[in-house]
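**Q** I'd like to go over a predicted model; first the sequence, then the structure.
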Amino acid sequence: MLEIENDRLAVRLYEWPAVERYTYKATGTKLGGSGPEGRLAVNGAETGWDEWEIVRSPSADRTSLHYSLMLKRTGLQLAIDFRLEEAALKLTVAVTDDPGERLVRLDWIGQPLLSCDETDFAFDRTEIRQKSWKLIPGGGRGLYDRTRASDKIGDAIPDAADVPTMHACLYDGRLCCFVQTNYPVIPLLSRLSRHKRDPGRSGSFAIGPNTYQYRVRNRTMEPLELKIVFLEDMNGDGIADECDYQLWMNRQLPDADPMYTKGIWYKVFNAEKERGVLTTFKETLEIIRMICHVTDGMPQIAYLTGWQFDGHDTGYPSMNRINPKLAEDPERASEELQELVRVARERYNCIVSYHINLDDAYVDAPDWNPDLLSRDPDGSARVWLDTAKQRAYHMSHTKDVESGDVFRRIDDFLRMVPVSHTVQVDAFRNTNASWEPDGYIGPLEELVCGMKPILAYFRERGIDVSTEGQNGMPVEDGGLFGAYWHYSPSLHYHGKIVGGGSVDMNAVAWGKGASFDADVLYRGAPTRQLGEQFHASDFEAGRDRILDIIFLGSLLYQFYLTREMVEWREDDKKVYIRYADGVTVNIGKEEQRLAVRWDRLAIADDDDRFIPLGDRIYLYSRHGADRSWPLPSDWQETRIAAVRLEEDGGRAPVPFELADGSIRLRLAPRTPVMLTRSKA
């Protein structure tokens with residue numbers, strides 16, 4: 001056995017590149033790696049360690065160990081490094097020579113990186129499994145489901161086989177440990193193994209790397225990096241558990257663009273083929289103006305939906321024709337759209353952008369090209385949507401990129417309409433697998449060779465891409481997208497992926513954090529769009545709903561996004577969330593109760609809001625209220641003004657009383673009020 005050590009960890013390794021045992025010194029906790037039977041498989045063929053020439057090189061300070069491996073029969077050479085970095089072991093796997101370029105994949109057989117047979121330890125993991133390949137009613141197939149599971153090891157049922165896993169950790173209250181990796185698609189395998197004396201329950205839990213696919217079409221992947229991390233209490237709640245893991249992971253991810261965290265963003269439903277025009281360009285500006293006035297000029301992003309061809313989901317994959325029916329003068333549709341974009345930006349602090357689709361192809365589109373479609377094993381084009389109204393096929397992003405066609409279509413789009421800062425891409429997935437004569441195009445190819453080059457192309461032009469949602473993708477979402485339309489907030493991604501919320505906007509959704517998760521249309525009854533998870537809001541009949549979404553949901557979410565989330569605990573009945581500056585959220589699910597507190601401040605009480613954002617405080621009540629609100633300490637020695645924010649831009653003064661550091665005022669139902677301050 002070999003050993004590396006620092007002041008935090010001691011790690012014992014085998015003569016071959018595998019960990020036998022960890023000792024975390026502060027608590028004396030000992031956890032395992034793999035047993036001596038572990039093997040490495042090359043292109044699916046298991047190899048014995050005697051088939052490799054292995055040279056070991058420890059560092060002078062004994063904190064790292066380098067293994068040089070050469071597979072005798074092929075000459076394949078690998079460099080595998082183990083290096084201690086504070087309370088973590090970093091493992092790097094690099095291919096240094098691949099004669100004949102034959103290496104496709106590596107698999108670790110019976111060789112987890114972290115294992116625990118202490119049955120009092122608990123585990124938390126996000127399992128990921130592929131759905132049926134049959135066409136799902138309403139459209140879709142080949143997507144993946146995620147399920148989060150948590151339990152004590154000794155109380156859990158054993159797994160029959162390794163479980164594909166996105167995230168996993170182990171903890172016992174004193175210590176939390178996990179494996180983090182840079183591999184983007186289903187990166188881990190985990191397994192609950194049978195207890196030796198009681199095979200009906202688990203006796204150990206292990207986490208290890210999933211397949212490392214090295215060769216991806218005409219390129220190779222970056223070296224594989226994994227960290228085995230050991231944490232004590234990180235978030236200040238007195239215990240080490242899954243919340244510390246999620247907080248650690250959150251801090252590794254890039255922050256979302258501030259335009260998503262500091263503004264109101266929504267989709268305007270302009271048109272669809274069957275129902276025709278729902279919101280013209282002129283009416284879109286009315287919606288933007290109203291939202292500007294009731295938020296006192298807060299930044300907005302309005303994504304136009306159905307701006308192209310005959311409306312929503314028409315013309316794709318082409319994006320080079322403006323829907324003329326949205327203009328007062330169809331011959332001047334381009335000029336009217338440009339005027340909408342200009343006025344929205346200059347007068348109402350709003351970015352007007354576009355909802356587009358890069359995933360689907362329709363046979364009547366100008367850029368219809370069957371050579372770019374995803375193909376089933378029998379060679380047939382992969383149908384994505386098959387209804388009485390429309391039939392859509394999957395685009396292969398990999399083939400689209402390799403052909404160059406997608407970049408030509410994006411250029412056509414950018415020439416056709418004024419675009420700045422952001423676009424929203426509908427249902428942009430890496431699951432458009434395709435069986436091709438030159439090889440299988442799977443989720444990794446679709447991500448690395450398809451989606452990422454497209455995202456980079458937009459980014460090089462100063463445009464960030466938001467998308468519909470996680471959409472059944474088997475990927476690490478953080479760092480790929482900063483904004484999702486449909487999204488369930490979490491500690492893991494707080495401030496890193498923003499947006500979304502719930503179809504049924506309610507205390508549970510708003511309390512967790514919910515942006516503007518509904519289309520706005522100017523006329524027509526609210527409707528559920530095929531394959532989507534929300535109801536649209538009729539602007540003429542639904543102003544109250546829009547105000548609720550903004551003031552009960554979006555602004556509360558912005559308040560959350562200005563601070564770091566450090567704890568999230570949820571069960572069937574309640575949710576508790578804590579932020580680093582002392583903000584707490586308590587949600588009662590069954591009774592739909594919400595209480596948000598910031599020390600002595602009441603930020604949310606059910607359907608009442610008192611939301612400090614910068615130098616403003618927004619007050620709102622769904623049903624009306626006459627009550628006192630404690631003021632922030634830095635507002636108590638200032639001169640305060642209160643105005644009612646009206647849809648036409650009016651600012652009517654609102655009477656109030658100040659006493660004992662609180663402000664008392666009457667809120668009419670669904671009537672926003674804003675407080676401002678100046679030096680007394």
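**A** Looks like it came in fine.

**Q** tally of neighbours for the spatially closest residue to residue 111 that is not a sequence neighbour?
**A** Nearest residue to residue 111 in three dimensions, chain neighbours excluded: residue 38, at 3.0 Å (C-beta to C-beta, 6 or more residues apart in numbering). C-beta here means a position set from N, CA and C on the backbone, and glycine is covered the same way. Residue 38 has 20 neighbours, counted by other C-beta atoms under 10 Å.

**Q** Residue 115 is in contact with residue 38, correct?
**A** No: taking contacts as C-beta atoms under 8 Å, residue 38 lies outside contact range of residue 115: 10.8 Å.

**Q** Show me which positions of stretch 379-388 end up buried.
**A** 381, 382, 383, 384, 385 (16 or more other C-beta atoms under 10 Å).

**Q** mind checking how far the second one is from residue 571?
**A** This means residue 382. 40 Å (C-beta to C-beta, to the nearest Å).

**Q** ranges for the helices of the stretch 251-400 of the chain?
**A** For the stretch 251-400 of the chain, the helices defined by DSSP state H, counting those that start in this stretch occupy 258-261, 281-294, 333-348, 397-403.

**Q** One more: the chain?
**A** Listed in chain order, the helices of the chain (DSSP state H) span 242-252, 258-261, 281-294, 333-348, 397-403, 405-416, 443-445, 452-460, 507-512, 543-548, 555-561.

**Q** Turn those helices into a markdown table, including distance to residue 167 and mean pLDDT.
**A** Converted to a markdown table, the helices of the chain look like this (distance: least, C-beta to C-beta, whole Å; pLDDT from 0 to 100):
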| stretch | distance to residue 167 | mean pLDDT |
| --- | --- | --- |
| helix 242-252 | 7 | 98 |
| helix 258-261 | 23 | 96 |
| helix 281-294 | 36 | 95 |
| helix 333-348 | 40 | 98 |
| helix 397-403 | 25 | 98 |
| helix 405-416 | 31 | 98 |
| helix 443-445 | 17 | 97 |
| helix 452-460 | 21 | 98 |
| helix 507-512 | 19 | 92 |
| helix 543-548 | 34 | 87 |
| helix 555-561 | 22 | 97 |
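
**Q** Switch the ones you listed over to CSV; also include distance to residue 324 and mean neighbour count.
**A** Below are the helices of the chain laid out as CSV (distance: least, C-beta to C-beta, whole Å; neighbours: other C-beta atoms under 10 Å):
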stretch, distance to residue 324, mean neighbour count
helix 242-252, 46, 21
helix 258-261, 30, 18
helix 281-294, 11, 21
helix 333-348, 5, 17
helix 397-403, 28, 22
helix 405-416, 13, 16
helix 443-445, 39, 24
helix 452-460, 26, 15
helix 507-512, 38, 23
helix 543-548, 28, 18
helix 555-561, 37, 23
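
**Q** Including distance to residue 374, could these go into JSON lines?
**A** As requested, the helices of the chain are exported to JSON lines (distance: least, C-beta to C-beta, whole Å):
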{"stretch": "helix 242-252", "distance to residue 374": "32"}
{"stretch": "helix 258-261", "distance to residue 374": "30"}
{"stretch": "helix 281-294", "distance to residue 374": "34"}
{"stretch": "helix 333-348", "distance to residue 374": "32"}
{"stretch": "helix 397-403", "distance to residue 374": "8"}
{"stretch": "helix 405-416", "distance to residue 374": "14"}
{"stretch": "helix 443-445", "distance to residue 374": "11"}
{"stretch": "helix 452-460", "distance to residue 374": "15"}
{"stretch": "helix 507-512", "distance to residue 374": "34"}
{"stretch": "helix 543-548", "distance to residue 374": "38"}
{"stretch": "helix 555-561", "distance to residue 374": "36"}
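
**Q** looking at those, which is closest to residue 327?
**A** helix 333-348 (4.0 Å; C-beta to C-beta).

**Q** okay, the angle between that closest one and helix 281-294?
**A** 10 degrees (axes from the mean of the first three to the mean of the last three C-alpha atoms, to 10 degrees).

**Q** Quick one: list the elements packing against helix 333-348.
**A** helix 281-294, strand 300-305, strand 350-357 (3 or more C-beta pairs under 8 Å, 6 or more residues apart in numbering; DSSP states H and E).

**Q** just so I know, which of these lies nearest residue 631?
**A** The nearest among the helices and strands packed on helix 333-348, by C-beta to C-beta, is helix 281-294 at 22.6 Å.

**Q** export that closest one as CSV, just CAs?
**A** These are the backbone C-alpha positions of helix 281-294, laid out as CSV (Å, rounded to 0.1, in the frame of the first residue of the first chain):
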residue,chain,number,x,y,z
PHE,A,281,-46.3,44.8,-32.0
LYS,A,282,-48.2,47.9,-31.0
GLU,A,283,-50.1,45.9,-28.2
THR,A,284,-46.7,44.4,-27.1
LEU,A,285,-45.6,47.9,-26.3
GLU,A,286,-48.7,48.5,-24.2
ILE,A,287,-47.8,45.5,-22.1
ILE,A,288,-44.2,46.7,-21.7
ARG,A,289,-45.4,50.2,-20.8
MET,A,290,-47.8,48.9,-18.2
ILE,A,291,-45.2,46.7,-16.5
CYS,A,292,-42.7,49.6,-16.6
HIS,A,293,-45.1,51.9,-14.9
VAL,A,294,-46.2,49.5,-12.1
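
**Q** which residues are contacting that helix?
**A** 264, 266, 268, 270, 279, 298, 300, 302, 304, 326-328, 333, 336-337, 339-340, 343-344, 347-350, 352, 520, 522-523, 539, 543, 546-547, 550, 645-650, 672 (C-beta atoms under 8 Å, 6 or more residues apart in numbering).

**Q** Please export the C-alpha coordinates of stretch 388-408 as CSV.
**A** Taking Å, rounded to 0.1, in the frame of the first residue of the first chain, the C-alpha atoms of stretch 388-408 are listed here in CSV:
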residue,chain,number,x,y,z
ALA,A,388,-53.6,16.6,-36.0
LYS,A,389,-52.2,20.1,-36.2
GLN,A,390,-48.6,19.5,-36.9
ARG,A,391,-45.8,17.0,-37.3
ALA,A,392,-42.2,17.9,-36.2
TYR,A,393,-38.9,16.1,-36.5
HIS,A,394,-35.8,16.4,-34.3
MET,A,395,-32.8,18.3,-35.6
SER,A,396,-29.5,16.7,-34.9
HIS,A,397,-27.5,19.6,-33.4
THR,A,398,-24.3,17.7,-34.2
LYS,A,399,-25.0,17.3,-37.9
ASP,A,400,-26.4,20.9,-38.0
VAL,A,401,-23.1,22.3,-36.7
GLU,A,402,-20.9,20.1,-38.8
SER,A,403,-22.8,21.2,-41.9
GLY,A,404,-22.6,24.8,-40.9
ASP,A,405,-26.2,25.3,-41.7
VAL,A,406,-27.2,26.3,-38.2
PHE,A,407,-24.7,29.2,-38.2
ARG,A,408,-26.1,30.4,-41.6
